[in-house]
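J.: Task: produce atomic coordinates for the following.
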Amino acid sequence: MRLAPHPSDFSVLIPARMASSRLPNKPLADIAGLPMVVRVAKRAMLSNAGQVVVAADDERIVAACADHGVQALLTRQDHVSGSDRLAEACQLLGLSDEAVVVNVQGDEPLIDPALIDQVAQLLIERPEASMSTAAHAISQLVDFCNPNIVKVVTDARQMALYFSRAPIPWWRDGQTAGNPGGEAFTELPSP
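T.: Numbering: from 1, shown residues only. Next up is the predicted model:
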């Protein structure tokens with residue numbers, strides 16, 4: 001049995017931006033009386049993280065977090081990715097290059113705090129990995145073809161080689177209208 005990482009061993013950073021293309025103002029979406037990003041942070045606070053900080057691109061997110069006792073800081077609005085936002089947050093927080101940081105997505109209000117601890121533990125145990133992410137096998141064709149579900153290819157050591165929103169492998173020239181995977185994808189192969 002693996003022990004959970006010590007609280008001083010890692011931080012959780014939660015990137016949050018107002019201009020989501022799929023759901024504008026998503027961080028402040030009301031979920032049972034609390035903004036979504038606050039729900040995510042409260043779940044992350046149940047992990048063994050030494051600190052949980054929301055990295056926001058908008059003062060309204062920072063204010064909503066402050067109203068609910070969640071630490072948040074304002075980052076630039078022009079970041080192309082959540083990873084870029086977190087890199088700025090690491091600088092603003094004065095975290096060292098060796099600091100273990102778990103990126104928890106701002107739209108995961110039901111995230112299991114134990115999963116956060118597992119990702120942190122993996123980073124602590126495998127310092128050669130610059131980052132770690134949780135993943136699980138896909139067993140349903142609908143999930144395999146869903147662009148909202150990110151797919152990953154790993155090597156034998158479970159090191160990520162490639163991420164994609166498209167099915168992997170993807171036959172770019174074989175896609176047809178109404179069937180994003182082409183005729184080749186009628187069922188998933190057995191693992």
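J.: CA only for contacts and neighbour counts going forward, please
T.: Noted.
J.: Tell me the pLDDT of the spatially most central residue of the chain.
T.: Nearest to the mean C-alpha position of the chain, by CA atoms, centre = their mean, lies residue 105 at 3.6 Å. Note for residue 105: predicted pLDDT of 90.
J.: do you know how far it is from residue 16?
T.: Going from residue 105 to residue 16 by CA to CA, to the nearest Å gives 8 Å.
J.: what does residue 38 give?
T.: From residue 38 to residue 16 the distance is 11 Å (CA to CA).
J.: And residue 71, by the same measure?
T.: 13 Å.
J.: More neighbours: the two, which one.
T.: residue 16 (29 against 17; other CA atoms under 10 Å).
J.: ok, the more buried one - contacts?
T.: Contacts of residue 16 were listed using CA atoms under 8 Å, 6 or more residues apart in numbering, and they are 27, 37, 54-57, 61, 82, 105-106.
J.: Turn those into a markdown table, including distance to residue 116 and secondary structure.
T.: Below are the contacts of residue 16 laid out as a markdown table (distance: CA to CA, whole Å; DSSP: H, G, I helix; E, B strand; the rest coil):
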| residue | distance to residue 116 | secondary structure |
| --- | --- | --- |
| 27 | 20 | helix |
| 37 | 16 | helix |
| 54 | 15 | strand |
| 55 | 17 | strand |
| 56 | 20 | strand |
| 57 | 23 | coil |
| 61 | 22 | helix |
| 82 | 17 | helix |
| 105 | 11 | coil |
| 106 | 13 | coil |
